[in-house]
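In: here is the input, now give the coordinates:
(chains A and B)
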Amino acid sequence: MFFSWLNKYLAIYKLSLKQAFSYRFEFGIWAILHPVRLVILYFLWSSIFNYSGAAALGGMTLSELIAYYVTAVVLDTYVGVDRRLPEEIYKGDMVIAFIRPVTVFGRLLAHELANRSIAFLFHMLPTAVFAFFFLGYNIVSVPYTALAMAAAFLGLLINYELTFIIATTTFWTRAYYGTSTLKEGLLYLMSGWLIPLTFFPLIIQNILKFTPYPYIMFFPNTIFLGKYAVSQALGIIAIQIFWIIALYGVYLTVWHLAKTKFTGEGV
Amino acid sequence: MEIIEVRNLSKVYKTFRRKEGIIAAFLSLFNRKYVTKKAVSNVNFDIHKGEVVGFIGPNGAGKSTVIKMMTGILVPTSGTVKALGFVPFEEREKYVKHIGVVFGQKTQLWWDIPPIDAFYLLRDIYDVPEKQFKERLNYMIKILKLKKIVETPVRNLSLGERMRCELIAALLHNPEIVFLDEPTIGLDIVAKEHIRAFIKHINQKYKTTFIVTTHDMDDIEELCKRVIVIDYGKIIYDGLLETLRKRYLKNKIINIVLAKPYTKKFVMNGAKVSKIDEYNISIKVDLDKQNVSNIIGKLLHSHNVVDLCIDEIGIKEVIKKIYGG
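Out: Next comes the predicted model:
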């Protein structure tokens, strides 16, 4: 029973891999994009440090900040469901989705994980190697790297759920571009992608800790940098698991409401 | 045995309306006039195992809405659908394992990959045993003549080729009920023939129930014994195609070629003669008053007939009459 269930989604995962490989150009573009992003960030922060003359900003030295951004770029907060789900809703593809004995949530997750697997092998690892040679990027220790990878994976799940829930509003709004831009903006700011959360006033940092956002990017990143004791890192992972479960509950409720709202347009 | 039971089924859509022009469009941001549209109202019918039922009706009559409620895509506003013992929209994931659906205007294949890959994916999604899968796939590829085509990426297929692949995709898991929403839309005559022949095959071989909506009356005439006619969201006819034809078929036309010029008038109750030229006449028969054989009998006695043919008004004309009111 469980295996046939798993088999379905594994099949979708494999097919998505195949699909991703069919666009060679797209493939190449992304492999170049990350190093370019990194070089820009490198020069930006180097000049900020130069002008300020401070040894540390937001509790981080220049080399720590560079490492932070390398990790941020490698982890990347973009999830494909942000585009796929709204598109399927307003183009009427949901009609097809609803006649398959798989959930939309699970199918798009399998798709997401396939894209992430490819991104990991062909974009993230090369980017990390690039940064190792040119920007002095390195791991702190093997256990921290392992913990950080676990946290990054859980962060991806939180990000996926959050995005899925927000994208579901397309059933009501029929348009998603505005919502998506707002959501992305909040995500960049509150997850620590734009600047590490340690740059914010303490009160804001504390408030953010009660939202799922820092658990997507900031905490996995800083675990990787070795900012916490192992027990603290495990605590963070526990909170991540809490968010995954809680957001899953929210997803179930919102999706149920959305389904009854669906009118099957486009067909 | 009834496999689908539809009782008092209704669906109401809410849409907003606005007048033309930019100002009206801008104002609609703040104040919207909503109108409700009853797409389907109080529909009742049963579908039996092994039937091929045709749903016909003008555009926007509510056919697709009924289909979407039977497949569990849409939630009914009121009334019930019971199919194979399931309530479709409530037990969607379990129910859809037993049905196959093709929407003529929406592909269920994956754009970037060849259909064959999609078929393998569907095998896993529907949990089809390998042996059964191979057998069905090969059988369907053979009778739809798709051998090489299934290895070409979907985006490079012609509409006819794609449609045949869609049928395979919908039927791989041996569904008990298959819904075809305009399966022959936009196809040429040969492709249409392929698809009809295929549906007949499958219906006979596996006793699969088919529910077909179409605007192509040849589809209906070739495939369906029973038709359900929907207009303005209501069923206006449900029964044998033959009975429908009889009900609307009040006249037949007999075209006659004579050996000598038509001079002696032919008179008979229920027959209206019109002269086309000297040697050709046509007789319009009012079937309520007279039958065709009586007329021909009398005619052969009184006139020197070289040739005659009887034109039957096709189902197309029947439908035109129904749609036209």
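In: enumerate the residues of the stretch 51-200 of chain A near chain B.
Out: Proximity of the stretch 51-200 of chain A to chain B (CB under 8 Å from any CB of the partner chain) is limited to residues A:Gly92, A:Asp93, A:Met94, A:Val95, A:Ile96, A:Phe98, A:Ile99, A:Arg100, A:Pro101, A:Val102, A:Thr103. C-betas here are computed from N, CA, C, even on glycine.
In: those residues, buried ones only, as a ChimeraX selection?
Out: A single ChimeraX command selects the buried members of those (16 or more other CB atoms under 10 Å in any protein chain shown):
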select /A:92,93,94,95,96,98,99,100,101,102
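In: make a markdown table out of the residues of the stretch 51-200 of chain A next to chain B and add secondary structure.
Out: Output for those, formatted as a markdown table (DSSP: H, G, I helix; E, B strand; the rest coil):
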| residue | secondary structure |
| --- | --- |
| A:Gly92 | coil |
| A:Asp93 | coil |
| A:Met94 | helix |
| A:Val95 | helix |
| A:Ile96 | helix |
| A:Phe98 | coil |
| A:Ile99 | coil |
| A:Arg100 | coil |
| A:Pro101 | coil |
| A:Val102 | coil |
| A:Thr103 | coil |
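In: identify the farthest-apart pair in the residues of the stretch 51-200 of chain A next to chain B.
Out: For those, the farthest-apart pair by CB to CB is A:Gly92 and A:Pro101; their separation is 19.8 Å.
In: what residues does chain B put near chain A?
Out: Residues of chain B lying close to chain A by CB under 8 Å from any CB are B:13, B:64-65, B:68, B:71-75, B:89, B:92-94, B:96-97, B:99, B:101, B:103, B:105-108, B:110, B:112-113, B:117-118, B:120-121, B:124-127, B:153, B:181.
In: so which of those belong to strands?
Out: Applying DSSP state E to the residues of chain B next to chain A, the entries found in strands are B:Tyr13, B:Ile99, B:Val101, B:Phe103, B:Asp181.
In: the second one bridge partners, please.
Out: When assigned by DSSP bridges, B:Ile99 has beta-bridge partners B:Ile177.
In: check the fourth one too.
Out: Beta bridges link B:Phe103 to B:Lys106, B:Asp181, judged by DSSP bridges.
In: low-confidence ranges in chain A?
Out: Counting by pLDDT under 70, the ranges of chain A that qualify are A:1, A:23-24, A:26-27, A:264-267.
In: in it, which residue sits nearest chain B?
Out: Of all residues in chain A, A:Ala11 sits closest to chain B, at 3.4 Å by CB to the nearest CB.
In: in chain B, what residue lies closest to chain A?
Out: Closest point on chain B to chain A, by CB to the nearest CB, is B:Asp124, at 3.4 Å.
In: show me where the chain has its helices.
Out: Answering for chain A, as no chain was given. Ranges of helices in chain A, per DSSP state H, are A:2-21, A:24-52, A:62-75, A:81-90, A:94-97, A:104-119, A:125-134, A:142-168, A:170-173, A:177-190, A:202-208, A:218-224, A:230-261.
In: can you look at chain B instead?
Out: All helices of chain B, identified by DSSP H, fall at B:22-27, B:63-70, B:92-95, B:115-126, B:130-144, B:159-171, B:189-206, B:217-223, B:241-248, B:292-302, B:315-324.
In: mean pLDDT for those - can I get that in a markdown table?
Out: What follows is the helices of chain B, written out as a markdown table (pLDDT from 0 to 100):
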| stretch | mean pLDDT |
| --- | --- |
| helix B:22-27 | 76 |
| helix B:63-70 | 91 |
| helix B:92-95 | 88 |
| helix B:115-126 | 91 |
| helix B:130-144 | 92 |
| helix B:159-171 | 91 |
| helix B:189-206 | 90 |
| helix B:217-223 | 86 |
| helix B:241-248 | 80 |
| helix B:292-302 | 87 |
| helix B:315-324 | 71 |
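In: quick revisit: tell me which of the ones in strands among the residues of chain B next to chain A has the lowest pLDDT.
Out: Minimum pLDDT across these is recorded for B:Tyr13, with 83.
In: hang on, it packs against B:Val35?
Out: No. At 9.1 Å, B:Tyr13 does not count as touching B:Val35 under the criterion of CB atoms under 8 Å.
In: those two: who's more crowded?
Out: Legend: neighbour count by other CB atoms under 10 Å in any protein chain shown for B:Tyr13 and B:Val35, higher for B:Tyr13 (16 against 10).
In: that one and B:Gly72, how far apart?
Out: Distance of B:Tyr13 to B:Gly72, given as CB to CB, to the nearest Å: 18 Å.
In: now swap in B:Arg32 and tell me
Out: Distance from B:Arg32 to B:Gly72, counting by CB to CB: 30 Å.
In: now the residues of chain B next to chain A: which count as buried?
Out: Neighbour counting with 16+ other CB under 10 Å marks B:13, B:64-65, B:68, B:71-75, B:89, B:92, B:96-97, B:99, B:101, B:103, B:106-108, B:110, B:113, B:117-118, B:120-121, B:124-126, B:181 as buried within the residues of chain B next to chain A.
In: returning to what we had before: how about the residue of chain A closest to chain B: what's its closest non-neighbour residue?
Out: Excluding the flanking residues, the one nearest A:Ala11 by CB to CB, 6 or more residues apart in numbering or on different chains is B:Asp124, at 3.4 Å.
In: wait, the one you found touches A:Lys8, no?
Out: Yes. Contact between B:Asp124 and A:Lys8 holds when scored by CB under 8 Å: they sit 5.7 Å apart.
In: highest average neighbour count across the helices of chain A?
Out: Each of these was scored by mean neighbour count; the highest is helix A:218-224, a mean of 26, by mean count of other CB atoms under 10 Å in any protein chain shown.
In: contacts for that helix next, please.
Out: Applying CB atoms under 8 Å, 6 or more residues apart in numbering or on different chains, the external contacts of helix A:218-224 come out as A:68, A:71-72, A:75, A:139-140, A:144-145, A:147-148, A:151-152, A:154-155, A:191-192, A:196-197, A:228, A:233, A:236, A:240.
In: do the same with stretch B:72-90
Out: The list of residues contacting stretch B:72-90 from outside it, by CB under 8 Å, 6+ apart, reads A:94-95, A:98-99, A:259-260, A:262-264, B:3-12, B:42-43, B:65, B:68-71, B:91-92, B:94-96, B:98-99, B:176-177.
In: stretch A:80-96 too?
Out: For stretch A:80-96, contacts defined as CB under 8 Å, 6+ apart pick out A:97, A:104, A:108-109, A:111-112, A:115, A:160, A:163-164, A:167-168, A:170-171, A:174-176, A:180, A:183-184, A:262, A:264-267, B:68, B:73, B:103, B:106-108.
In: so what's the residue nearest the centre of chain A up against?
Out: In chain A, the residue lying closest to the centroid (CA atoms, centre = their mean) is A:Thr77, at 3.2 Å. With contact set as CB under 8 Å, 6+ apart, A:Thr77 has these partners: A:Asn159, A:Leu187, A:Tyr188, A:Ser191, A:Trp193, A:Ile216, A:Met217.
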